[in-house]
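my questions are about this predicted structure, shown below with the sequence.
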Amino acid sequence: MPLAKRHTPRRRLIMRAITLLSLLVLFPLLSLDATSARAHGLLDRADPPVGSTVSSSPTQVTLHFTQLLEPKFCRIEVRDATGDRVDQGNVSVSGTLLQVGLKTLTAGTYTVRWRVLSTDTHTTKGTFQFYVLQASDAVTPRKQHGR
């Protein structure tokens, strides 16, 4: 078959149509992984912030997620450097927020461990630390006696 007959206008049109149809079918399939990865309930921010140093004992830890959470399947705990729990166990879930109250913390390193199930049925979990500085004794200025 001569080269000129292989690349007829009709054949080029058919090849372009096949290529276009292939892209139309494959593109949505390729984008599914990216879409499903964005759909997981990921930790967006925390208070106290991840890795932060705070000057006084926070009263609670609040985690903000990227998806709505399933309250029955969410956990959070806070432990000190010796592994003792320092949270009050009063876990609260509302929308994309996960919270737990804290006992009064002394200076030191604290680890937050969480696990959530978002409404898209994907579970995510993680840990992070924050630090509480030593509370300094309040210094009261001495009265100066006049001369």
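In hand now; what should we look at? Every value quoted in this text rests on a predicted model; they were computed, and no experiment measured them.

mind showing which ranges of this protein have poor pLDDT?
Along the chain, the parts satisfying pLDDT under 70 run over 1-7, 20-39, 135-147.

in it, which residue is closest to the centre?
With distances taken as C-alpha atoms, centre = their mean, Leu43 lies nearest the centre of the chain, 1.0 Å away.

residue contacts, that residue?
Residues near Leu43 by C-beta atoms under 8 Å, 6 or more residues apart in numbering: Val50, Leu63, His64, Phe65, Thr66, Trp114, Thr124, Gly126. The C-beta positions use only the backbone N, C-alpha and C, and glycine is treated the same way.

which of those sits closest to Glu77?
When these are ranked by distance to Glu77 (C-beta to C-beta), Trp114 comes first, at 7.9 Å.

ok, what's across the strand from the closest one?
Note on Trp114: beta-bridge partners by DSSP bridges are Ile76, Gly126.

unless I misread the structure, Arg11 falls within a helix.
Yes: Arg11: assigned to a helix according to DSSP: H, G, I helix; E, B strand; the rest coil.
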